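Trainee: Got a sequence here, can you model it:
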Amino acid sequence: MFTRVFGNKNTANKPGGTLSENGCTKLNHLDGRVLRRIRDLGATHVWLTGILRHATVTDYSAFGIPRQHPDVVKGVAGSPYAVADYYDVDPDLAENVEGRMAEFEALVERIHQAGLKVIIDFVPNHVARQYHSVCRPEGVKDLGQCDDTSMHFSPRNNFYYCWGHALDLSAIGPSGQGTPYSEVPAKATGNDQFSHRPCANDWYETVKLNYGIDYCDAGGRSEHFDPLPDTWGKMTDILLFWAAKGIDGFRCDMAEMVPAAFWAWAIDKVKFCHPDCFFVGEVYDPGQYRNYIWAGFDYLYDKVGMYDCLRDVVCGYRPAADITRQWQATDDIRDHTLYFLENHDEQRVASTFFAGEARKGIPAMLVCALLQNNPVMVYAGQEFGEKGMDAEGFSGTDGRTTIFDYWSVKSTLNGYFDRRKMTKEEKELEACYKKILTVARDHPAAALGKTFDLMYVNPALADRQYAFLRKHGGDMLLVVANFSNEKCCADIILPQHAFDFLDIPQVEAMGTDLLGGQSVKALLKPEQSVHVEMEAWGGCVIHFPLG
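Mentor: Prediction:
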């Protein structure tokens, strides 16, 4: 969930509104009732986005929190990925600002009491331009505190400097609010822009952290990891600080922009102290997947692979058979891939930029949740068909829920806080998601079973349907996803190889569709078929108990 907007009860929002005008979710709003509803959806973990204090135009100086200059803040609320203090909780989320850490710790306890685990963001590649920790533990030196700003690069520095140049934001334009922002010398920008003159498309509100790589070496990129770069120790201490508060896992933003060598060093130290703590990495380059898994990551986003494929299948740009190629490309690391259809960076399925209708995401969700044993992620609001088509301010009408503005998401507000206001369509979609996710979480064949792709013996399905088997012990699931806008009947052939690989007994069996409830009678024999019927943009999950 993007915490700031998830349960904001002020729905009379105006574009670009302030905190006092538009409101904000508070950590205390996430009570036991809300968390139980999340668990009952089929969830096992809650990823809280925007917990760390980040740059914002909102003034908290009365509480000893430094003000941030509006020239280097995106939107009024600011990006949660422009962290201003790694040791602090964002004050927007607290009812009692001075007790914000205690409110967060109480939320972690409530999440655990609800039978869920908690994940927070770790943003390792960049920080806010005016980063300054006022909550760091005694004896901890701040990032950049001891940097030699006369050097472009030094492994002893935490930042990169464009020495001899002041920061030039002329390509972006001033905010028009008081004296323009000044930074001398300019620091390199978070998206590896080693110039003093970032443009509007750069992550200009952030500065790049230095992990011992000289990106501008005369001979090209060079690594300087011995002696240990100063940043390594400071960032590992931050991970240990939060892990000690009971955090179960970290979602690591833009993990591939930080060297794998650091992750191997840091993750080893965190897991030595907290063996059950896990790491999810945002890595977009499939060629780097195995390097980061070797470095210790438990799971990696499979965005460029499975997400892009499923999006294209839903939109009709690729045949469903291409799904086979995607899981095969990561078959050796299949348990380490994380599937999803939405997150805060991507457009909502129901937006006009994607499918235009939430129902069209159901067959893709069947694949995401049930194809393998790996985790699947749902972005809050997806289960209600959130469109993300508001023009919230800095974030215009782009099919995404804003991460830069104070806003309210009515679908999650109604779905988790006031269900009387839910529409019939929202309730039906949520019920479908609940069935899929609870099967993924609780059914032995889905949670523990082997997978057998049926596409190679069912060429008639190759364009708009996708079929596979899951089996564990005496439980087998036949899953068929229908990416068509029409009802579909199909006869799914089961080959001899499936019987051998999954140890399927040759019997006459009675199955039940766990989505629709219909009974399905089938003769389970090699080269015989199972007849299935599916609604448009739907599918079936037929459970065969085989003794």
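
Trainee: Please make it C-alpha for all contacts and neighbour counts, starting now.
Mentor: Noted.

Trainee: middle-most residue in this protein, spatially?
Mentor: residue 343 (5.1 Å; CA atoms, centre = their mean).

Trainee: Please name the nearest non-neighbouring residue to that residue.
Mentor: residue 379 (5.2 Å; CA to CA, 6 or more residues apart in numbering).

Trainee: hang on, that neighbour packs against residue 342?
Mentor: Yes - counting by CA atoms under 8 Å, residue 379 does reach residue 342; the two are 5.6 Å apart.

Trainee: I'd like the distance between residue 469 and residue 301.
Mentor: Separation of residue 469 from residue 301 (CA to CA, to the nearest Å) stands at 24 Å.

Trainee: For residue 241, grab phi and psi.
Mentor: Dihedral pair for residue 241: phi -60, psi -50, per degrees, to the nearest 10.

Trainee: leaving aside the residues next to it on the chain, what's closest to it?
Mentor: Nearest non-adjacent residue to residue 241 (CA to CA, 6+ apart): residue 87, at 7.8 Å.

Trainee: isn't that neighbour right up against residue 135?
Mentor: Yes - counting by CA under 8 Å, residue 87 touches residue 135, with 5.5 Å between them.

Trainee: Neighbour count for these two, which is higher?
Mentor: Neighbour totals were compared for residue 87 and residue 135, and residue 87 leads with 19 against 14 (other CA atoms under 10 Å).

Trainee: The more buried one sits in which helix or strand?
Mentor: Using DSSP states H and E, residue 87 sits within strand 83-89.

Trainee: helices or strands up against that strand?
Mentor: strand 52-54, helix 100-113, strand 126-128, helix 230-243 (3 or more CA pairs under 8 Å, 6 or more residues apart in numbering; DSSP states H and E).

Trainee: list the buried ones in stretch 275-294?
Mentor: By 16 or more other CA atoms under 10 Å, the buried positions in stretch 275-294 come out as 277-284, 286, 289-293.

Trainee: hmm, back to that, how close does the residue nearest to the centre of the chain sit to residue 243?
Mentor: According to CA to CA, residue 343 and residue 243 sit 24 Å apart.

Trainee: Show the pLDDT at residue 219.
Mentor: Looking at residue 219, its pLDDT is 74.

Trainee: Could you check how far it is from residue 185?
Mentor: Taking CA to CA, one finds residue 219 at 24 Å from residue 185.

Trainee: Look at those two and report which has more neighbours.
Mentor: residue 185 (18 against 8).

Trainee: mind listing the helices for the stretch 1-150 of the chain?
Mentor: 3-6, 19-22, 32-40, 100-113 (DSSP state H, counting those that start in this stretch).

Trainee: what's the closest of these to residue 439?
Mentor: Among the helices of the stretch 1-150 of the chain, the nearest to residue 439 by CA to CA is helix 32-40 (11.9 Å).

Trainee: Now do the buried residues in the closest one.
Mentor: So helix 32-40, judged by 16+ other CA under 10 Å, has buried residues 34, 35, 36, 38, 39.

Trainee: Output the contacting helices and strands for it.
Mentor: By 3+ CA pairs under 8 Å, 6+ apart, helix 32-40 packs against helix 100-113, helix 410-417.

Trainee: Just the residues contacting the shortest one, thanks.
Mentor: Meaning helix 410-417. Helix 410-417 is contacted by residues 6-9, 11, 34, 37, 380-381, 384-386, 420-422 when judged by CA atoms under 8 Å, 6 or more residues apart in numbering.

Trainee: Which one of those is nearest to residue 433?
Mentor: residue 384 (8.9 Å).

Trainee: Okay, and residue 522 sits in which element?
Mentor: strand 519-524.

Trainee: Ok, residue 468 next?
Mentor: Residue 468 belongs to strand 465-472, assigned by DSSP H and E.

Trainee: Run me through the strand neighbours of the helix or strand following that strand, direction for each.
Mentor: Of the helices and strands lying after strand 465-472 in sequence (DSSP H and E), the nearest is strand 475-482. Note on strand 475-482: by DSSP bridges, its sheet partners are strand 465-472 (antiparallel), strand 539-545 (antiparallel).

Trainee: can I get the ones you listed in JSON lines with mean neighbour count, mean pLDDT and distance to residue 23?
Mentor: JSON lines is the format used below for these (neighbours: other CA atoms under 10 Å; pLDDT from 0 to 100; distance: least, CA to CA, whole Å):
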{"stretch": "strand 465-472", "mean neighbour count": "24", "mean pLDDT": "98", "distance to residue 23": "44"}
{"stretch": "strand 539-545", "mean neighbour count": "23", "mean pLDDT": "98", "distance to residue 23": "40"}
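
Trainee: give the contact list for the nearest residue to residue 507 once chain neighbours are set aside.
Mentor: Distances taken as CA to CA, 6+ apart put residue 524 closest to residue 507, at 5.3 Å, once the chain neighbours are dropped. Neighbouring residues of residue 524 by CA under 8 Å, 6+ apart: 494, 505, 506, 507, 508, 509, 530.

Trainee: Show the model's pLDDT score for the last one.
Mentor: Read that as residue 530. 97.

Trainee: ok, it - contacts?
Mentor: 491, 492, 493, 494, 522, 523, 524.

Trainee: and it, what element?
Mentor: Using DSSP H and E, the element containing residue 530 is strand 529-534.

Trainee: strand partners of that strand, parallel vs antiparallel please.
Mentor: When DSSP bridges is applied, strand 529-534 pairs with strand 488-493 (antiparallel).

Trainee: Just the CA trace of the partner strand, in PDB.
Mentor: What follows is strand 488-493, C-alpha atoms only, in PDB (Å, rounded to 0.1, in the frame of the first residue of the first chain):
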ATOM      1  CA  CYS A 488     -14.800 -20.000 -24.200                       C
ATOM      2  CA  CYS A 489     -15.100 -23.800 -24.200                       C
ATOM      3  CA  ALA A 490     -11.900 -25.800 -24.500                       C
ATOM      4  CA  ASP A 491     -10.800 -29.400 -24.400                       C
ATOM      5  CA  ILE A 492      -7.400 -29.400 -22.600                       C
ATOM      6  CA  ILE A 493      -5.200 -32.300 -23.600                       C
END
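
Trainee: Now do it against strand 519-524, angle only.
Mentor: 30 degrees (axes from the mean of the first three to the mean of the last three CA atoms, to 10 degrees).

Trainee: Which pair in the contacts of helix 410-417 has the greatest spatial separation?
Mentor: Checking the contacts of helix 410-417 with CA to CA, the most distant pair is 11 and 37, at 21.4 Å.

Trainee: Tell me, how many residues neighbour residue 301?
Mentor: Around residue 301 there are 25 residues (other CA under 10 Å).

Trainee: I figured it hits residue 335, correct?
Mentor: No - the pair residue 301 / residue 335 is not scored as a contact, 11.6 Å apart, by CA under 8 Å.

Trainee: what about residue 343, distance to residue 51?
Mentor: On the measure of CA to CA, residue 343 and residue 51 end up 16 Å apart.

Trainee: Let's have the buried residues of helix 32-40 in TSV, adding pLDDT and distance to residue 474.
Mentor: Listed next are those as TSV, based on pLDDT from 0 to 100; distance: CA to CA, whole Å:
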residue	pLDDT	distance to residue 474
34	98	36
35	98	33
36	98	31
38	98	30
39	98	27
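
Trainee: where in the chain is pLDDT low?
Mentor: 174-176 (pLDDT under 70).

Trainee: Around residue 245, how many other residues sit close by?
Mentor: What residue 245 shows, counting by other CA under 10 Å, is a neighbour count of 12.

Trainee: State the helix or strand in which it lies.
Mentor: Per DSSP H and E, there is no helix or strand for residue 245.

Trainee: quick one: contacts for it?
Mentor: With CA under 8 Å, 6+ apart, residue 245 has these contacts: residue 105.

Trainee: Distance of it relative to residue 59?
Mentor: Taken as CA to CA, the span from residue 245 to residue 59 is 27 Å.

Trainee: Likewise for residue 239?
Mentor: From residue 239 over to residue 59 (counting by CA to CA), the distance is 27 Å.

Trainee: which strands and helices sit next to whichever helix in the chain runs longest?
Mentor: Counting residues, the longest helix in the chain under DSSP state H turns out to be helix 424-442. Helix 424-442 sits against helix 362-370, helix 444-448, with contacts defined as 3+ CA pairs under 8 Å, 6+ apart.
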